[in-house]
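Undergrad: coords please:
(3 chains)
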Amino acid sequence: MKVKRFFAALPGRLCLFLAAAVVLIFFSNDFGLVDIQKTAIVLAAGIDREGEEFSLTAQIAVPKGSDRTAGGTSSVEIEGKGETVPDCIRDIYGKTGWVPKLVFCDLVLLGESAAREDVFSCLDFFLRNEYVPNSCRLAVCEGSAKDLLSSQSAVDDTSALALSKLFSDAAQKSGYVMTTSLREFAEGYYGVSGSGYMPYLRALPQEGAQTEASGGQSGQKTGDASSGQTVYTAEETAVFSAGKLAAVLPREQTFALSLLHGNVYAGTFGADGETYVVLKEKGSAQADLAAPAVRFSLDVRLQLYGTRDASAPDAIAKSILSPAQRARAEALLRSYLAGLWEQTAAAGCDVLQLRTHIYRTSPADFPAWKDALFSLPLLSEVDVKSVS
Amino acid sequence: MEQQLLSGDLAADRAALKALLPAEDILFRDLYDAAGTPFVCIFADVLTDKDLLAEQVIAPLQRAVTQQKMERVLAALRAPELRTRQSLAALADEVLAGNPVLLWEGGTDAAVTGQRKAPARAVTEPPSDIAIKGPREGFLEDMKSNAALVRKRLKTGELRMDALTVGRRSQTAVTVCYLAGICREQTVRAVKQKLSAIDIDAVPDASYLVRFLSDRPYSLVKQVGTTEKPDIFCAKLAEGRLGILTDGSPIALTLPYLLVEDFQSAEDYFMPPARATFLRLLRLFALIVAIYLPAFYVSAQIFKLQLLPVKLLLTIAGSIRDIPLSPSLEMLLVLLVLEVLNEASIRMPKYVGMALSVVGALVLGETAVSAGFVSTPAIIIVAFSGIGLYAVPNLIEETSIVRLAMLLAAGSVGTYGILLLTAFGLVYLVSTENFGVPLAAPFSPLVRRDLRDALVKYNLHSLKTRPASLNGPNKRRMK
Amino acid sequence: MKLSSRQILFFLAAVTPVGKLILMPPQLAAAARGDLLLPVLAQLPVQAALVFCVLLAARDGRTLHEMLARRIGAWGAAAVSAALALFLLYAAFVPLIEQKLLVQSIFYDTLPSYVVFAPFFVLSAYLCSRPTAGTGRLFDVLAPLSLFGMAGILLFSVGEADFGALLPVGAAGAGGFLQGARRACAWFYDAALLLPLLGRFDYKKGLAAKGAAAYLAGGAVLLAFLATFYGVFGDIAVIQVFAFAKMSHFFAGLTVLGRIDYLFIFSLAFVMIFYAAMPIQGAVQLAADCLPQSGKWLPALLSCAVNAAMLALLYAFNFYSDRIIDLFTGRLFFLIPAAGAASALLVLLLGRRRRES
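TA: Alright, predicted model coming up:
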């Protein structure tokens, strides 16, 4: 009877025990290892290399408190040093007591020194770490990543947020920024092409800046031009081979690369006092092993966007390219493509994934061509059509 | 104990009944018919319509010559409801129920006339189940009125109203209503059996019966439907359910209960199906948000920041920077304050309630934020959750507890805790049945045809059959 | 209360593929690279045939224990049931490790305490103490959730997928294929999960064929997932554990909508909880069938004991997850297919169409 009664009361007692355990954990907060108040929300990480040592600069968002009279996002840059990236993070934790959380880290910025060596010696951590999103952007900057992240942007209180504007979809459509994510870059690195690219950033002093910058952000770091406000440009592209910085493509070649990737919409380019706008384009890059040659083909629809000289209202209304202008645009694009191929071939960088294409379509030919690829001549086909 | 019957000796029977009913509000009125035969009319002062008694019983009796014969007595009376009783105990019960009793010299039977007049209020719109477009009548505390409200909507001989009495001392009248041939016989039998088996002192309200009718009496989840509106009650009877009216309670019970019922409103049937569907989905969404929002908010802050967009996260981080409590404790505190305010505002007199809402909203909310006890986002989250819960008011007793449990799970184990608790709830819900009908039908088990009037509401022309989940004998309701 | 044949089909079509989304894709990518679909393509028909066999045996209408007891007596039936229960517990181990790792990864921003996974066993014990037939009703809810989650993840990630990464077909060679097929074995025991359900659902004409077809349909969804997975991650697929929780992150719309992909991720994670508990539930059911009917509390106690044992085992090997998975998918790879096939064929031999009375 007693046994029966014991078993009858067992579910209730078990539930009570479980509820008590949950309440205990709730109040002790045992599993909540790092709550929001102990966390450093890292928006961007800059990595520099000093010999065998890494230096990681974490740009950490600083909440503005309940009195949110000022807009924008303030941040602070903390530097950690160590033999590996995790060592640097531990260093930051040791200095601040904040646990750096990288779940919102949307930018990993490599300083020139880090980019000259195999970048996966530092990106390995980000790829390995389950809590770092593979979608975070990668970029290289001129000089040190720490300096760039610590610089005072004229656009936003926080340089990482100002840079994110440079990498927006709209910016990519202009054709002058080629962005990449950690996943894309790693796929290139570990894939048969062994190559990749990142936007190459430069910080330019903003001359004549006033206290309120465009974009309407105001905050703690605003100042005048003399206080060293900067703007950033990402119109160049750093290309990598075997994980090392191989070359920096100028803006024209970045544009050509964008065109071949089919990224451009409403991007402009100009020559001889005339500017054209790309309204539709299709580009491809293939290795034609039968020829053998590398074929770049571009099919673009252009409109005349602006001229240095005054035009008649009729001409403005139509904005059609004359045959001469079409020919000039074609020649210009060809020269961009040629420059691109010349530069990447010289650097041994398969930025257009030609090796991957050969591997997938003619795997038998791959061993023979994977190294000989860059000696192939370029055949570029550019078809420019005018639209009104 | 042997039942004591009337002896035919008026004085002795009068004395015996007086002994059984010694209360002063039980009146014994002596009268005589035209031939001088003595009678005694016994009635409860407060429960009998004395005008009717005088008109239908006393006056006709005084003009009649009855010759102590029962047939003549009954023929003389003008009361529409007449029956006879022989046992003294039964007569005492009738008097206590408000029905006058008539004894006469030489009579071994007594006439029970039906001039019962229970105190009752007028038929008004009930506070729950309100419909803007739709009937406004609500049930009362008087069962006869309630039965009338049902009967006038279902004018069919198939409507059965089987009377039972529950409660040793309260002798509460309970009516089991159902449509014969539409409601499942086994359900009717089982309900009557369960009601008859109830052995309790008094049943002050229908809610007492709910616990006895549930297969799992300790369950948090309700297993019996309730309504205060006769139109909803009748619609449920017509679907094949069974209804229970309880004397003294304006709440009618309906069985078997499906969880999806509480996401439906009477008004859904008076509006276009698209709108009804939208509203039902909205109710579900509001309920889900109400239950899960505080939990996910806490879980996001402690365990998984990624659940929040970064800009929102920074705003929240800014707001909670100076809050002394942990996110989970803060949320628990605000939720408890909401529950206290809610409870107090329901119980308080209306004029104080107004003041209370001002105190709650302004003093507690605004001042607590300014003083840095709680953060603004926490107040917003709890306010939204509080409102969302009322989108499905019939489930509020269950959902407010579930919300608290979710918060505890979130604050202790995080998002995984929320998922596990939801899994527990799901296992429990799908395995709960009442009177052989699964609570989570028509979703689990899936009854495709019934999905037409579950969360998605089809046009009336598509609802030709009664809910198959109820497993009634008559499936078709429209040709 | 019995399961309906629809619920069995829901389980086979929508729940079984979800259990293979955690560690199997990167394991296959490591073994067969772009050919990761081929080992699965080989496993699916075999498993579908075993599902067919088990469902065909359900025509008998008896539980597995009853079938065995009729042929080999009560003690023999108990011995075979116990062996099958042990097999199911063995098969449950890899999914449990996966679940533990998954929980630590996708529900937290930093590595949490190892204890956070322990409450799973409370749910599992509760689930095991419920009648198995009630599980059928869960499938009615889990199937749409699974479809919702899978469709959402695929929809959000397909735009980022470069399906060319699957080319050239056969690049991994026979060695890669065999290695992949070998590793996949640990995840293909779905026919065995039906064994405890025997006698708890009514066989309707054609259920065996429909069941096999439903399983293949679920397999097609799994293949679509694997193709998208490899298309999104390409050569780094091998390191993408818990890929289903990461693939949709690249969807451009998330910048506007916020992380709504968590709706899909949590839906699938929710279904996975039940899938991981199913082998334990099956094992408890098989063991409980051997117990005397009068012992009302015995199945509940058994459930608590089995789950406590699994919890203890899991935490005993807490720091050896990789080695355990290597062992199960490596040296001991043959155990699951061998025991799975043997049990399915056994019930096919035992099962006999019961004559209509």
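Undergrad: list phi and psi for the residue of the stretch 251-388 of chain A found nearest chain C.
TA: Closest approach between the stretch 251-388 of chain A and chain C, counting by CB to the nearest CB: A:R360, at 3.9 Å. All C-beta atoms are positioned from the backbone trio N, CA, C, and that covers glycine. As for A:R360, its main-chain torsions (degrees, to the nearest 10) stand at phi -80, psi -40.
Undergrad: quick check, it in contact with C:P168.
TA: Yes: contact status for A:R360 versus C:P168: in contact at 5.9 Å, counting by CB atoms under 8 Å.
Undergrad: longest helix in the chain, by number of residues?
TA: No chain was given, so I picked chain A. Looking across chain A with DSSP state H, the single longest helix is helix A:2-28.
Undergrad: wait, chain C
TA: In chain C, with assignment by DSSP H, the single longest helix is helix C:64-106.
Undergrad: is that one positioned near chain A?
TA: Yes: Helix C:64-106 reaches chain A (CB under 8 Å from any CB of the partner chain) through C:S105.
Undergrad: what angle do the helix or strand following that helix and helix C:64-106 make?
TA: Toward the C-terminus, helix C:64-106 is succeeded by helix C:119-129 as the next helix or strand (DSSP states H and E). Here helix C:119-129 runs at an angle of 160 degrees relative to helix C:64-106 (axes from the mean of the first three to the mean of the last three CA atoms, to 10 degrees).
Undergrad: tell me, how many residues neighbour B:K155?
TA: A count of neighbours around B:K155, defined by other CB atoms under 10 Å in any protein chain shown, yields 7.
Undergrad: what's the closest non-adjacent residue to B:L53?
TA: B:Q115 (4.6 Å; CB to CB, 6 or more residues apart in numbering or on different chains).
Undergrad: show me the contacts for that neighbour.
TA: B:F43, B:T48, B:D49, B:K50, B:L52, B:L53, B:Q56, B:V57, B:A79, B:G98, B:N99, B:P100 (CB atoms under 8 Å, 6 or more residues apart in numbering or on different chains).
Undergrad: out of A:R360 and C:P168, which sits in the busier spot?
TA: The residue with more neighbours, out of A:R360 and C:P168, is A:R360; 20 against 16, by other CB under 10 Å.
Undergrad: from the contacts of B:Q115, which is closest to chain A?
TA: B:G98 (43.7 Å).
Undergrad: gap between the closest one and C:S129?
TA: As judged by CB to CB, to the nearest Å, B:G98 and C:S129 stand 52 Å apart.
Undergrad: of those two, who's got more company?
TA: C:S129 (20 against 17).
Undergrad: how much space separates the more buried one from C:F121?
TA: 12 Å.
Undergrad: swap in B:A238?
TA: As for B:A238, its distance to C:F121 is 47 Å (criterion: CB to CB).
Undergrad: which residues touch A:S284?
TA: So A:S284 contacts A:L260, A:R295, A:F296, A:S297 (CB under 8 Å, 6+ apart).
Undergrad: output the lowest mean pLDDT helix or strand found in chain C.
TA: helix C:254-257 (a mean of 70; mean pLDDT, DSSP states H and E).
Undergrad: dump that helix to PDB, keeping only the CA atoms.
TA: Extracted in PDB, the C-alpha atoms of helix C:254-257 (Å, rounded to 0.1, in the frame of the first residue of the first chain):
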ATOM      1  CA  LEU C 254      18.000  39.300 -43.600                       C
ATOM      2  CA  THR C 255      19.600  42.700 -43.400                       C
ATOM      3  CA  VAL C 256      16.100  44.200 -43.700                       C
ATOM      4  CA  LEU C 257      14.000  41.600 -41.900                       C
END
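Undergrad: the next helix or strand after that helix close to chain B?
TA: For helix C:254-257, the following helix or strand on the C-terminal side (DSSP H and E) is helix C:261-289. Yes: using CB under 8 Å from any CB, helix C:261-289 comes into contact with chain B via C:Y262, C:F266, C:A269, C:F270, C:I273, C:F274.
Undergrad: can you tell if helix C:261-289 touches chain A?
TA: No: using CB under 8 Å from any CB, helix C:261-289 stays clear of chain A, with a minimum separation of 11.3 Å.
Undergrad: next, the buried residues of that helix.
TA: By neighbour count on 16 or more other CB atoms under 10 Å in any protein chain shown, the buried set for helix C:261-289 is C:261-262, C:264-289.
Undergrad: quick one on the thing from earlier: which residues touch the least confident helix or strand of chain C?
TA: Contacts of helix C:254-257 (CB under 8 Å, 6+ apart): C:F156, C:S248, C:I260, C:D261.
Undergrad: also stretch B:102-110?
TA: Outside stretch B:102-110, the residues touching it (CB under 8 Å, 6+ apart) are B:5-10, B:13-14, B:17, B:37-42, B:57, B:61, B:66, B:68, B:70, B:73, B:77, B:84-86, B:91, B:101, B:111-113.
Undergrad: apply 7 Å and report the result again.
TA: By CB atoms under 7 Å, 6 or more residues apart in numbering or on different chains, the residues outside stretch B:102-110 that reach it are B:5-6, B:8, B:10, B:13-14, B:37-41, B:57, B:68, B:70, B:73, B:84-86, B:91, B:101, B:111, B:113.
Undergrad: select only the buried ones of the residues you listed in PyMOL?
TA: Buried subset of the contacts of stretch B:102-110, written as a PyMOL selection, criterion 16+ other CB under 10 Å:
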select buried, chain B and resi 6+10+13+14+37+38+39+40+41+57+68+70+73+84+85+91+101+111+113
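Undergrad: out of the contacts of stretch B:102-110, list just those in helices.
TA: Of the contacts of stretch B:102-110, the ones assigned to helices by DSSP H are B:L10, B:D13, B:R14, B:M70, B:V73, B:L91.
Undergrad: right, and the fifth one touches B:A111 too?
TA: Spelled out, it's B:V73. Yes: counting by CB atoms under 7 Å, B:V73 touches B:A111, with 6.1 Å between them.
Undergrad: A:Y305 is in what secondary structure piece?
TA: Using DSSP H and E, A:Y305 maps to strand A:293-307.
Undergrad: farthest-separated two in the contacts of A:S284?
TA: A:L260 and A:R295 (10.8 Å; CB to CB).
Undergrad: looking at these two, which is more packed in?
TA: A:L260 (23 against 16).
Undergrad: just to be sure, the more buried one is in a helix?
TA: Yes: under DSSP: H, G, I helix; E, B strand; the rest coil, A:L260 falls within a helix.
Undergrad: that one - nearest residue in space that isn't next to it in sequence?
TA: Distances taken as CB to CB, 6+ apart place A:G283 nearest to A:L260, at 4.1 Å, with adjacent residues excluded.
Undergrad: partner residues bridging the one you found?
TA: Counting by DSSP bridges, A:G283 is bridged to A:L298.
Undergrad: what do you get for A:S74?
TA: Here A:S74, judged by DSSP bridges, has bridge partners A:V62.
Undergrad: pLDDT score for it?
TA: pLDDT, A:S74: 81.
Undergrad: tell me the residues of the stretch 351-479 of chain B that contact chain A?
TA: By the rule CB under 7 Å from any CB of the partner chain, the part of the stretch 351-479 of chain B lying against chain A is B:T376, B:L408, B:A409, B:G411, B:S412, B:V413, B:G414.
Undergrad: how about a cut-off of 6 Å?
TA: Contacts of the stretch 351-479 of chain B with chain A, taken as CB under 6 Å from any CB of the partner chain, map to B:L408, B:G411, B:S412.
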